[in-house]
Each structure stands twice: as structure tokens, then as C-alpha cells.
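Q: Output the structure for:
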Amino acid sequence: MDPRLKEKDVAKIADTLGTDTVPGKIAGLPYVGSLAVATNNGVLAHPMIKEEERKLLADVLKVPVDVGPVNRGIPYVATGLISNVNGAVAGFMTTGPELFIIGHAMGVIEENEHS
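A: I've put the predicted structure just below:
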């Protein structure tokens with residue numbers, strides 16, 4: 001949650017959504033909504049996220065946090081990615097390696113093991 005919000009507004013959001021809310025930053029920036037995408041399976045965050053920010057996200061959301069860009073290197077991942085536990089949709093300029101990271105971070109691809 002954007003750390004610039006007033007405490008009473010943070011409390012109102014928490015009450016309305018019925019969830020914990022924690023102010024924080026991602027990559028030192030306050031507009032967290034554009035810097036990460038989260039589901040019940042995982043988080044994809046801005047590639048420059050700091051370790052303490054990553055730890056806070058993982059602790060609060062109780063899912064693994066991975067990093068990577070979308071749309072050929074755009075670090076504001078929410079501008080080019082939507083996801084839920086069933087799948088993910090990324091911007092048309094997203095590269096194959098970026099899609100691979102997104103799939104693993106969001107937990108939407110299964111790996112088959114060959115014997």
C-alpha cells in the first residue's frame with residue numbers, strides 16, 4: 001500500500017477489504033500498484049526491488065516473490081500484466097524469456113519431468 005496514504009485511510013481500506021494492509025515501497029518507489037502483480041500463487045515485482053521490500057511482500061502476502069519486467073524490459077509490471085491463479089495475460093511486446101519468468105512467478109505453468 002502506498003506509504004503516503006494517511007493512517008485513517010489505510011485503516012478504512014483494511015476494514016473494507018477485510019484484510020491486513022501494510023504501507024511499503026517497491027524499488028524505493030511509493031506507487032506499489034504499478035510495480036507488482038500478485039495472486040495467491042506468487043508475486044512478480046519490479047526488477048530493482050530491494051531485499052527488505054521483497055521480504056515484506058513475501059511475509060505479508062505469504063507467497064514467493066519473483067522479479068522481472070514485461071513488454072521488452074518495462075519494470076512497471078502491472079502496466080503490462082494481469083494474472084490470477086488460472087493464468088496470466090501479458091502485453092504483446094512481452095518476450096519469451098519474460099513470459100517464462102511470469103509463468104513461474106505467477107505459478108501458472110506446470111513443469112513436466114521426463115524420466
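
Q: For stretch 87-102, what does the pLDDT average out to?
A: Mean pLDDT, stretch 87-102: 96.

Q: Between the two ends of that stretch, how far is it?
A: 10 Å (C-alpha to C-alpha, to the nearest Å).

Q: Relative to Ala45, how far out is the residue lying closest to Asp66 once chain neighbours are set aside?
A: Nearest in space to Asp66, with sequence neighbours left out and distances taken as C-beta to C-beta, 6 or more residues apart in numbering, is Ala105 at 3.5 Å. For glycine as for every other residue, the C-beta is placed from the backbone atoms N, C-alpha and C. Between Ala105 and Ala45 the distance is 8 Å, computed by C-beta to C-beta, to the nearest Å.

Q: which residues do those two both contact?
A: 66-67 (C-beta atoms under 8 Å, 6 or more residues apart in numbering).

Q: Assess the claim that Arg4 and Pro30 are in contact.
A: Yes. With contact defined as C-beta atoms under 8 Å, Arg4 reaches Pro30; the gap is 5.5 Å.

Q: And the pLDDT for the residue nearest to Thr79 when sequence neighbours are not counted?
A: Using C-beta to C-beta, 6+ apart and skipping residues adjacent in sequence, the residue nearest Thr79 is Ser34, 6.0 Å away. Looking at Ser34, its pLDDT is 94.

Q: What is the burial count for Ser34?
A: 14 (other C-beta atoms under 10 Å).
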